[in-house]
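**Student:** The amino acid sequence is not available; the structure is as follows:
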């Protein structure tokens, strides 16, 4: 089944404890992206990747890191999480670019205490 | 700057009645427009998109959307609502660089039986 998977789905952590949210797609898509969803704000892009080893900042990159060492994986790293990073995170992928139909993972709900 | 507006936080309709979820956009050039739906505890699912061509776009689950260039609108419609259509709906537009989708804040659709 073609899909985007994320792990973990739910995570509670404390301020400053490094964490990684994994994202993987099995559709051979070139483009991958991370969004965060907050009530009343819709989805905002954190980082995106147009291809392997190519990443760039979105609208709200502060406090996040990403890497794209393989085509299928695009982990999101929070080096020192803070409470304002409590949010619902979505990974997405598309065949060739951000302007194409993006396919979303199930989401990761993060609570930073 | 590109933007998407969904003027209604919530839309309430009775089952069997037609529904409309409104979206207006602001973008330079020809817009690429999308509708996504989010069910509770799920990721976003693609419904339909407009790139060019016929102003009436048909999508999944009986939904359609009408592109109106003069009014810069892309309203989502369905002739007969189902209770199972109750969900959060997002309108999105491709950014100029083609690196992201810009999302509206979302509209909660509630269909009563």
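**Tutor:** Looks like it came in fine. The model shown is predicted, which means the values in this text are computed figures rather than measured ones.
**Student:** near chain B, anything from the longest strand along chain A?
**Tutor:** Criterion DSSP state E: the longest strand present in chain A is strand A:42-51. Yes - using C-beta under 8 Å from any C-beta of the partner chain, strand A:42-51 reaches chain B at A:42, A:43, A:44, A:45, A:48, A:50. (Each C-beta comes from the backbone N, C-alpha and C, glycine too.)
**Student:** To be precise, which single item in those has the lowest pLDDT?
**Tutor:** Within these, residue A:42 has the lowest pLDDT, namely 89.
**Student:** hang on, residue B:42 packs against residue A:107?
**Tutor:** Yes - with contacts counted by C-beta atoms under 8 Å, residue B:42 reaches residue A:107, the gap being 7.5 Å.
**Student:** Can you report how many residues neighbour the spatially closest residue to residue A:102 that is not a sequence neighbour?
**Tutor:** Spatial nearest neighbour of residue A:102, excluding adjacent residues (C-beta to C-beta, 6 or more residues apart in numbering or on different chains): residue A:92 at 4.2 Å. Neighbour count of residue A:92, defined by other C-beta atoms under 10 Å in any protein chain shown: 27.
**Student:** in which helix or strand would I find residue A:92?
**Tutor:** Taking DSSP states H and E as the criterion, the element that holds residue A:92 is strand A:87-94.
**Student:** does stretch A:21-36 come close to chain B?
**Tutor:** Yes - applying C-beta under 8 Å from any C-beta, one finds stretch A:21-36 touching chain B at A:33, A:35.
**Student:** any idea how far the lowest-mean-pLDDT helix or strand in chain B is from the chain center?
**Tutor:** Lowest mean confidence among the helices and strands of chain B (mean pLDDT, DSSP states H and E): strand B:101-103, at a mean of 92. Relative to its chain's centre, strand B:101-103 lies at 12 Å (C-alpha atoms, centre = their mean, to the nearest Å).
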